[in-house]
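Q: Everything below, folded, please.
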Amino acid sequence: MSVDLTPSPLVSLLQPLTAYAEAAARTRGLLFRTRIQPDCPQALTLDVEALHDALLELLDNAVRSTRTGVVRLTLA
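A: This next block holds a predicted model:
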């Protein structure tokens, strides 16, 4: 298993994930909200694919296990 560290803006990583989670939440009658704290770095050097997969799994679990209300993703 190799790790591919790449400088990446968080916004470009989050856009497809938040679009997916918002659509999934909407189909279950939920709201989805994203908040990026002001002091959160704008870009990180990371394994984009690994973070994408981990966040996708977490968001999917959050939407599936929430019965009513709001699913929130906060980056700090």
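Q: quick one: contacts for L59?
A: Listed by C-beta atoms under 8 Å, 6 or more residues apart in numbering, the contact set of L59 reads L17, Y20, A21, A24, V71, L73. Every residue, glycine included, has its C-beta placed from N, CA and C.
Q: out of these, who has the most neighbours?
A: Neighbour count (other C-beta atoms under 10 Å) singles out A21 as the most crowded of the contacts of L59, with 24 neighbours.
Q: Would you confirm that that residue contacts L73?
A: Yes: under the criterion of C-beta atoms under 8 Å, A21 makes contact with L73 at 7.0 Å.
Q: Between the contacts of L59, which sits nearest C40?
A: For these, the residue nearest C40 by C-beta to C-beta is L73; the value is 11.8 Å.
Q: What does the residue nearest to that closest one when sequence neighbours are not counted show for phi and psi?
A: Counting by C-beta to C-beta, 6 or more residues apart in numbering, the nearest residue to L73 once its immediate chain neighbours are dropped is T34, at 4.8 Å. Main-chain torsions, T34, degrees, to the nearest 10: phi -120, psi 140.
Q: Can you report how many residues neighbour T34?
A: Neighbour number of T34 under other C-beta under 10 Å is 15.
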